[in-house]
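Participant: Using only what follows, build the 3D model:
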Amino acid sequence: MTGLFAGASIHTGCSGYASVSETKPVFRPLRSAFTSLAIPEQKIVTAQKEESKDPAAAIGNWLVAVRHAEARLKVNPGETQTRDAYNYAVARVFDVIRKAKLDPWGRPFVVPSSEGEIVLTHRKDSRPGWDPALFDFTPADRIALEGSYVKNRTVRPGIGAPLVAKGKGMNERAKQDFTIPRIYYGVTALVRFEGNKAVVSFEDPLAEEEVRFAGRVQPMAADFTVPLAVMLASTEPRKLEIMRMLTPEKYAETARIARLQPYDPNKTVVLVIHGLMDSQATWTPMINTLRDDPEIRKNFQFWFYSYPSGYPYPYSAALLRKELDAIGKRYPMKNMVVVGHSMGGCISRLLMTDTGDKLWLELFKKRPEETKLSPETHRLASDAIIFDHRKEVGRVIYIAAPLKGSNLASRRIVRWASGIIRSPVKLLHAGSEMLQATTFEADDLKLERVPSSVDTLTPNNRFVKAINKLPLTPGIPYHTIIGDRGKGNSPDSSDGVVPYWSSHMEGAISEKIVPSGHSAHQNEEAIAEVRRILLLHRHLKN
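Facilitator: Sure, this is the predicted structure:
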């Protein structure tokens, strides 16, 4: 495979989450015994027959079909068959560019055609990073999908050819720009003729629902699933999930916030946080489904916080707070919605808590200035234990969150697994000091090493018991979504990992029980509940 598929998984079994393969799109013109093909369709048939010519000539043939389809749509804008012909022809232009490895974006590209020379060019774009020369484009209709995370293909019918834009290189400023290391994004290409010029514009289907074309406003075509699927298939996050848990220090640079789309100050941020032995990929089914709703697309933008899940979650929360401090200097945020699954819910809980020195006193029985710790350990402990609620957070959704711990984390096999997690060197030293300074009660989990992420999920962990004595900050609404595996036996239920008593929160605005196991964030009813809450949040904000 070439272009976009280089390095991507092309077999379902490679990752299980998503795989992509190349398919051959087919355009079937309508015809009957009483009608002949319309001119745009005739030009498509001709272009298909002459596809084997040199790339420039092939582009010229397809652009002729585009020109006639555009002209017909100016007269008959409601002809969906002509619209489909236009979209198909535009997509084939990008097919030829991709297969021939052309780069027509640096300067106008002249191609021959049956109707004279055509100059292929593009509309100059002032949006940051929207230079087409930086990307390889693959038509979405070229891509077939499989995998557990991309079962449903979310599309929007309309004018334009949906494409996957893949960055030609790694983004060296990804961390500073709070984006993913290599861009995989969905764009919609439109071609408008100005005399002999075919002018391409690259539209953002997440920013606009409609576009002005052929003299009137029309819905813009989009494929919201393919870019996510290609990103998953290319990066294969499943391979890293267990390693980020077992050897978190090796993957320290992966602890960060990243945007899944260009920042829009008019859209509320939805920050999703994954759980133990998981990654940002786990949110694909939810994001894919929510993006099918135009109200969600119009009002919300999705970001994620990813982190090595072997870290004790108070430390991961401290790293998140630093990320929020940094990103707030670039992208002002307010009224953000945080959605946390499993241990991600525990991290989210710490974003809406003011501890003062109460948590410190609960753990060490001494004030911070009286506790004998080295300066470095004191700083790490302060970051993890003394904090204020985040003022940019306007609402929190907890999904299958073990807020009071999980008995599963106390089982012998899980305790053994916890022991093989290799804690970062700086946490090993600090953890030893903190353990010596901590005052334990009779039924507390007692460790001879720094706690791992699994340790901080046990019900009798000192931190878990202490944090649950502190109230949540008033004024931040929160909701819970809890799985019961379809047994309907709440409050005695469990999602198989987290019992109801641990996920249930007094004071929640709503509580939704869904027939799911621990992966409740991928359950259809849970996703529908998140949609309901987001639309409620939008309504109250306005």
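Participant: Following the chain past the least confident helix or strand in the chain by mean pLDDT, name the next helix or strand.
Facilitator: Lowest mean confidence among the helices and strands of the chain (mean pLDDT, DSSP states H and E): helix 412-419, at a mean of 51. Using DSSP states H and E, the helix or strand that directly follows helix 412-419 along the chain is helix 425-437.
Participant: Tell me the helices and strands packed up against whichever helix or strand comes after that following helix.
Facilitator: Sequence-wise, the next helix or strand downstream of helix 425-437 (DSSP H and E) is helix 462-467. Helices and strands touching helix 462-467, by 3 or more CB pairs under 8 Å, 6 or more residues apart in numbering; DSSP states H and E, are helix 358-364. Backbone N, C-alpha and C define where each C-beta goes, glycine included.
Participant: Mind giving me the packing neighbours of the helix it packs on?
Facilitator: Applying 3+ CB pairs under 8 Å, 6+ apart, one finds that helix 358-364 contacts helix 375-385, helix 462-467.
Participant: buried stuff in the shortest one?
Facilitator: Pointing back at helix 462-467 there. Residues of helix 462-467 classed as buried by neighbour count (16 or more other CB atoms under 10 Å): 462-467.
Participant: what comes into contact with that helix?
Facilitator: Here helix 462-467 makes contact (CB atoms under 8 Å, 6 or more residues apart in numbering) with 312, 314, 349-350, 353, 359, 362-363, 404-405, 438, 440-441, 444-445, 451, 456-459.
Participant: Low-confidence ranges, the stretch 351-500 of the chain, go.
Facilitator: Where the stretch 351-500 of the chain drops to pLDDT under 70, the residues are 408-420, 425, 446-450.
Participant: Alpha carbons of the helix or strand harbouring Y305, in CSV - could you do that?
Facilitator: Using DSSP H and E, Y305 sits in strand 300-306. Extracted in CSV, the C-alpha atoms of strand 300-306 (Å, rounded to 0.1, in the frame of the first residue of the first chain):
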residue,chain,number,x,y,z
PHE,A,300,-18.2,21.2,21.5
GLN,A,301,-14.6,20.3,20.7
PHE,A,302,-13.0,17.1,21.9
TRP,A,303,-9.6,17.0,23.6
PHE,A,304,-8.0,14.1,25.6
TYR,A,305,-5.7,13.7,28.5
SER,A,306,-3.5,10.6,28.1
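Participant: average pLDDT for that strand?
Facilitator: The predicted model assigns strand 300-306 a mean pLDDT of 97.
Participant: Just the residues contacting that strand, thanks.
Facilitator: 178, 206, 254-261, 263-264, 267-274, 279-280, 283, 287, 290, 320, 323, 337, 344, 347, 534, 538.
Participant: Tell me the buried residues within those.
Facilitator: 178, 206, 254-261, 263-264, 267-274, 279-280, 283, 287, 290, 320, 323, 337, 344, 347, 534, 538.
Participant: And what about L63, helix, strand or coil?
Facilitator: Judged by DSSP: H, G, I helix; E, B strand; the rest coil, the three-state class of L63 is helix.
Participant: Next, the contact list for it, please.
Facilitator: 89, 93, 111, 113, 118, 120, 191, 198.
Participant: longest strand in this structure, by residue count?
Facilitator: strand 184-194 (DSSP state E).
Participant: So what are the sheet partners of that one and their directions?
Facilitator: Applying DSSP bridges, strand 184-194 is found paired with strand 161-167 (antiparallel), strand 197-203 (antiparallel).
Participant: now the helices: where do they sit in the stretch 1-150 of the chain?
Facilitator: Remark: helices assigned in the stretch 1-150 of the chain by DSSP state H, counting those that start in this stretch are 39-49, 55-75, 80-100.
Participant: buried stuff in the second one?
Facilitator: Under the neighbour-count criterion of 16+ other CB under 10 Å, helix 55-75 has 55-70, 72-73 buried.
Participant: so how far is T456 from G405?
Facilitator: 9 Å (CB to CB, to the nearest Å).
Participant: V230 contacts K166, correct?
Facilitator: Yes - V230 lies in contact with K166 (CB atoms under 8 Å); the separation is 7.0 Å.
Participant: quick one: which of the two has more around it?
Facilitator: Under the criterion of other CB atoms under 10 Å, the comparison of V230 against K166 puts V230 first, with 28 against 23.
Participant: per-residue confidence at that one?
Facilitator: According to the model, V230 carries a pLDDT of 94.
Participant: Could I get the phi/psi values of it?
Facilitator: Recorded main-chain torsions at V230 are phi -60, psi -40, according to degrees, to the nearest 10.
Participant: how far away is it from P368?
Facilitator: Distance from V230 to P368, by CB to CB: 49 Å.
Participant: Check this protein and tell me which residue is nearest its centre.
Facilitator: With distances taken as CA atoms, centre = their mean, the chain has L260 as the residue nearest its mean C-alpha position (5.2 Å).
Participant: thought that one was touching Y184?
Facilitator: No - contact status for L260 versus Y184: not in contact, 9.6 Å apart, counting by CB under 8 Å.
Participant: tell me the contacts of the spatially closest residue to L290 that is not a sequence neighbour?
Facilitator: Using CB to CB, 6 or more residues apart in numbering and skipping residues adjacent in sequence, the residue nearest L290 is I296, 4.8 Å away. By CB under 8 Å, 6+ apart, I296 lies in contact with 290, 531, 534-535.
Participant: picking up where we left off before, and the residue nearest to the centre of the chain, what pLDDT?
Facilitator: Reading off the model, L260 has pLDDT 92.
Participant: Identify the residues contacting it.
Facilitator: 180, 287, 301-304.
Participant: which element follows the strand holding Y305 toward the C-terminus?
Facilitator: Following strand 300-306 in sequence, per DSSP H and E, is helix 313-330.
Participant: and whichever helix or strand comes after that next one, what does it pack onto?
Facilitator: Sequence order places strand 336-341 as the next helix or strand after helix 313-330, per DSSP H and E. Helices and strands touching strand 336-341, by 3+ CB pairs under 8 Å, 6+ apart, are strand 268-273, helix 343-349, strand 393-399, helix 524-541.
Participant: Any chance of JSON lines for the ones you listed, columns distance to V45?
Facilitator: Shown next, in JSON lines, are the helices and strands packed on strand 336-341 (distance: least, CB to CB, whole Å):
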{"stretch": "strand 268-273", "distance to V45": "46"}
{"stretch": "helix 343-349", "distance to V45": "53"}
{"stretch": "strand 393-399", "distance to V45": "51"}
{"stretch": "helix 524-541", "distance to V45": "42"}
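Participant: right, so those: which one is the most enclosed?
Facilitator: Mean neighbours per residue, mean count of other CB atoms under 10 Å, is largest over the helices and strands packed on strand 336-341 for helix 343-349, with a mean of 28.
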